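**Student:** Model the following, please.
(chains A and B)
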Amino acid sequence: MKHTIIALLLALVISVAAAQPAGTLTIAQAQDPQSWDPIDTFFLAWGMVGSSIFDGLVHRNLDMEIGPGLATSWEWIGDDDDRLRFTLREGVTFHNGEPFNAEAVRFTFERLLGEEGAAGPQQANYTSIDHVEIVDDYTVDLVLGSPDPVLITKLAGYGAMIVPPGYVTEVEPETFNRSPVGTGPFKVVEYVPDDRLVLEANLDYFRGPPQVERVVFRFISEPSTRVAELQAGRVDVVQGVPISLAASVDRTAGVSIVPVGSPTVSSLRFNHCLAPTDDVLVRRALAHAIDREGIIEAILEGYGTPIASFQSSMSFGYDPDLAPYAYDPERAQALLAEAGVAPGSSIQVDFIGTDAIFREVAQAVASMLEAVGLQANLVTHETNTYYNDMVPNNRVGHLYFSGWGGWTLDFDNTAYLLYSTGQFWNPCFSNEEVDALLASQRATYDQAEREVALQRVAQLSHELLIDVPLYQHQNLWGVAERVQGFTAPADDRHDLTGVSLAN
Amino acid sequence: MVAFLLRRAIQSLFVLVGITLFVSFTIRLSGDPAVAMFQGASAPTAEQLTTIRARLGTDRPFMEQYLAFLGSLLRGDLGTSFRTGAPVADAVAQRFPATVGLALTSLLVSLVIAIPLGVLAARRRGRPADFVVRVVSLVGLSFPNFWLGIMLILVFGVYLRWLPPSGYEGPASLVLPSLTLGLILASTTTRLVRSALLDVLGEQYVVTARAKGIREHRVVYRHALRTALIPVVTFVGLQIGGLIGGVVIVEQVFAWPGLGSLALNAISFRDYPMLQGTITVLAVFIAAINLVVDTSYALLDPRIRYA
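**Tutor:** Numbering: from 1, shown residues only, chains lettered A, B, ... in the order given. Below you'll find the model as predicted:
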């Protein structure tokens, strides 16, 4: 009996000790977003960190399932589903001690949808919300002006992260950019731009305190250096291990490579306003000329999946029956002859020069095009020039790089922006049926109906060959053995609450 | 001397105006900062773009923007970053010590290596030591700095674990990046010290010094080396600009939060004020160094006078 009591006491002491967060987890990522304000951001690099500082009304876990976040429940009310009522979690405070309540929700969305939000990229994702109405301290309604079937997911991240009204009002915007305050599992204690962001465990976190005491995010743009830090044992988790270094990392004692499928697909888009790729026969010929499997095997070292749609199989709207055009150079040549394309015709391929992997892919594509009798001409651009000038102004050649996943894991946003007539990122392609389908799936909350519409868009994109999807990405994370309970996030947004460190 | 300094200062001013004009113009040739704010997240509406351009002032004619920049520059104001909303001067001031510290340490490293080795090679001209120094310095000259940086990281950071592979955590972090730049710069400087010293060692005053029975060590270090260093100082002064260029690359390799990463980020965000501010400060720094180099001749060779 006496022994049992001592054992119980010991167990109690041990469990109390275990509950105390301990150790410093160091994560190296490539990019420092420079501003931590949720409404300013468009970076995955922000998402990697932001989910540790902030919370949304809803939460998406590492299995990509939506559940309660700062709201414990929600329901659609009103006759035409134009009102989304949230019951908020009580007793939650921001890192600076401000209470979380309906006012914080109202403030967050008014800021996002108002003048401040207009200066950033996030507002456009939330324009379906007309205004916010406070019912009582812990009940709040989002009143919609237009339907948005993806809204619940969007509330789990980025622009919809809840910010503290008092702090945001009192300090200058640049101060909030530098020292953000949220309700998340970690609070910001130090930020040295382009060097590090230091977070400390929030012991009052509503989902329970994290198990590590500190998290240091280091910003190391050079991939070889990030990997060296992991191999030297000074960094525990590394984002974006280059494929060329994956094998050597995996051979290092005490570290391993954790691959995770990403929603992002790399494609080559066709320029439909330029001969000869304005002809569907030519587009089909080029699709048959490209050996995806060969590219994945030789260049991606197997870290990729062949795919026939512009977002991965984890996204809503994916049609599993869609198969990529088979690699068939003879058929490609026959189609080119049928379309009247003279052998030796020049095909220009545009892409971003700093993307080392895609550069190799483009070179492989060039040799495949040459194998079917075409002359390939590779043109590289700087990232910003490419996205802000070349693509929107259609100053690209016949084929051009496109890689866009969409963290909402829903075809809607990407498909709409890439395929709807006259969209910023779609200066050229236009098809009435695609336009009608994309508009119709936005106007309904019937997810089954939406799925049919989006799968039809994927099929049309395949038949009309708007683009040639090449492969779904796998992101490679390097992880030290002492890190326990780490799951590489498919959407890059860490949940570090379950991570602990072995000695 | 004063007239000389004044003339050089005025020349430098023209150079600075030229550089700021060039930078301000070229950064505006491609990519719109308003669009850059949306990259990859959503598509901006025309109305949004108009509002943002008006707020940033990028809708105004180029010369108007440039003159406004020069105007605030004269008041010591480098403007406000498009991306962070914070004063550019603060960001530059925060990064300046990191970059200049790295550049000057690299320079010091290169001199500490180059002068003794150059002297050794000159004194042992045609003997094995000379041969080894010349071959090693030729090899050093052929290394690209990012490659050498990664090799040093692998050897001293990963394999031996003597030094931190990267970061900005105090003196130990400074060793590898300054060695990377210092070793490469030392290769050229060593060759220069050797040939300059050989020239001087053949001059009559050296022969006289030797004839007077002064010890060889003293002849070389007190009499000959001082003269031989004049072309070396010119060379090193001219290298500062190139060194700063090298720092930008080495900062990326070693995750060193200096002006290089600030400038590269500014380019990718099309953050005009940040880029203009960073380049202006670097240009002023390089111009100032050149001025110091010019005046330092007088300290090394009392015969040189400025009119």
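
**Student:** Closest to the centroid, which residue in the chain?
**Tutor:** No chain was given, so I picked chain A. Centroid-nearest residue in chain A: residue A:407, 3.7 Å away (criterion: C-alpha atoms, centre = their mean).

**Student:** look at chain B instead
**Tutor:** Centre-nearest of chain B using C-alpha atoms, centre = their mean is residue B:244, 2.3 Å out.

**Student:** which residues in the stretch 1-150 of chain A form helices?
**Tutor:** Ranges of helices in the stretch 1-150 of chain A, per DSSP state H, counting those that start in this stretch, are A:2-19, A:44-53, A:102-113, A:115-118.

**Student:** do the stretch 51-200 of chain B as well
**Tutor:** Taking DSSP H, counting those that start in this stretch as the criterion, the stretch 51-200 of chain B carries its helices at B:62-74, B:88-123, B:128-141, B:145-152, B:171-201.

**Student:** Quick one: closest of the ones you listed to residue A:164.
**Tutor:** Nearest to residue A:164 among the helices of the stretch 51-200 of chain B is helix B:88-123 (24.4 Å), distances taken as C-beta to C-beta. Where C-beta positions appear, they are placed from N, C-alpha and C, glycine not excepted.

**Student:** Packing partners of that closest one?
**Tutor:** If you count contacts as 3 or more C-beta pairs under 8 Å, 6 or more residues apart in numbering or on different chains; DSSP states H and E, helix B:88-123 packs onto helix B:128-141, helix B:171-201, helix B:225-253, helix B:259-269, helix B:272-300.

**Student:** From the rest of the structure, what touches the helix or strand following the longest one?
**Tutor:** To tie it back to what came earlier, the one meant is helix B:171-201. Once the chain leaves helix B:171-201, the next helix or strand it forms, by DSSP states H and E, is helix B:204-211. Helix B:204-211 is contacted from outside by B:200, B:216, B:219, B:223, B:224, using C-beta atoms under 8 Å, 6 or more residues apart in numbering or on different chains.

**Student:** Just the angle for helix B:204-211 relative to helix B:225-253, thanks.
**Tutor:** Here the directions of helix B:204-211 and helix B:225-253 differ by 110 degrees (axes from the mean of the first three to the mean of the last three C-alpha atoms, to 10 degrees).

**Student:** The next helix-or-strand element following helix B:204-211: how far from the chain's middle?
**Tutor:** Moving toward the C-terminus from helix B:204-211, the next helix or strand (DSSP H and E) is helix B:216-218. Computed by C-alpha atoms, centre = their mean, to the nearest Å, the chain-centroid distance of helix B:216-218 equals 34 Å.

**Student:** can you check stretch A:277-287 too?
**Tutor:** With C-alpha atoms, centre = their mean, you get 30 Å for stretch A:277-287.

**Student:** before we move on, the earlier item: where neighbours are concerned, which of the contacts of helix B:204-211 has the most?
**Tutor:** The most crowded member of the contacts of helix B:204-211, judged by other C-beta atoms under 10 Å in any protein chain shown, is residue B:224 (25 neighbours).

**Student:** In this model residue B:199 seems to touch it, though I could be wrong.
**Tutor:** No. Residue B:224 lies out of contact with residue B:199 (C-beta atoms under 8 Å); the separation is 9.4 Å.

**Student:** what touches both of the two?
**Tutor:** Residues touching both residue B:224 and residue B:199 by C-beta under 8 Å, 6+ apart: none at all.

**Student:** Okay, now the unreliable bits of the stretch 1-150 of chain A?
**Tutor:** Residues of the stretch 1-150 of chain A meeting the criterion pLDDT under 70: A:1-19.

**Student:** ok so, going back, now mean pLDDT and distance to residue A:51 too, for the helices and strands packed on helix B:88-123, in TSV please.
**Tutor:** As requested, the helices and strands packed on helix B:88-123 are exported to TSV (pLDDT from 0 to 100; distance: least, C-beta to C-beta, whole Å):
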stretch	mean pLDDT	distance to residue A:51
helix B:128-141	89	46
helix B:171-201	93	30
helix B:225-253	86	27
helix B:259-269	89	23
helix B:272-300	85	28
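
**Student:** Ranking those by mean neighbour count, which comes first?
**Tutor:** Each of these was given a mean neighbour count from mean count of other C-beta atoms under 10 Å in any protein chain shown, and the largest, a mean of 23, is that of helix B:259-269.

**Student:** Can you name every helix or strand that that one contacts?
**Tutor:** Secondary-structure packing of helix B:259-269 (3+ C-beta pairs under 8 Å, 6+ apart): helix A:383-385, helix B:33-36, helix B:88-123, helix B:225-253, helix B:272-300.

**Student:** Next, the angle helix A:44-53 makes with the one helix or strand residue A:262 maps to.
**Tutor:** Here residue A:262, judged by DSSP H and E, is contained in strand A:255-270. Using the same axes, to 10 degrees, one finds that strand A:255-270 and helix A:44-53 are set 130 degrees apart in direction.

**Student:** just checking, next helix/strand downstream of strand A:255-270?
**Tutor:** Per DSSP H and E, the first helix or strand lying C-terminal to strand A:255-270 is helix A:280-289.

**Student:** gap between that following helix and the chain center?
**Tutor:** 30 Å.

**Student:** List of residues touching that helix?
**Tutor:** By C-beta under 8 Å, 6+ apart, the surrounding residues in contact with helix A:280-289 are A:270, A:276-277, A:324-329, A:331-333, A:335-336, A:338-339, A:341, A:347, A:368-369, A:371-372, A:374, A:399, A:464-465, A:468.

**Student:** Can you pick out the ones from those residues that are in helices?
**Tutor:** Among these, the members found in helices (DSSP state H) are A:329, A:331, A:332, A:333, A:335, A:336, A:338, A:368, A:369, A:371.

**Student:** just the buried members of these?
**Tutor:** Buried members of the ones in helices among the contacts of helix A:280-289, scored by 16 or more other C-beta atoms under 10 Å in any protein chain shown, are A:329, A:331, A:332, A:333, A:335, A:336, A:368, A:369.

**Student:** Apart from its neighbours in sequence, what residue is nearest the fifth one?
**Tutor:** Looking back up the chat, that one is residue A:335. residue A:285 (3.7 Å; C-beta to C-beta, 6 or more residues apart in numbering or on different chains).

**Student:** Does residue A:26 have any beta-bridge partners, and if so which?
**Tutor:** Going by DSSP bridges, residue A:26 is paired in beta bridges with residue A:216.
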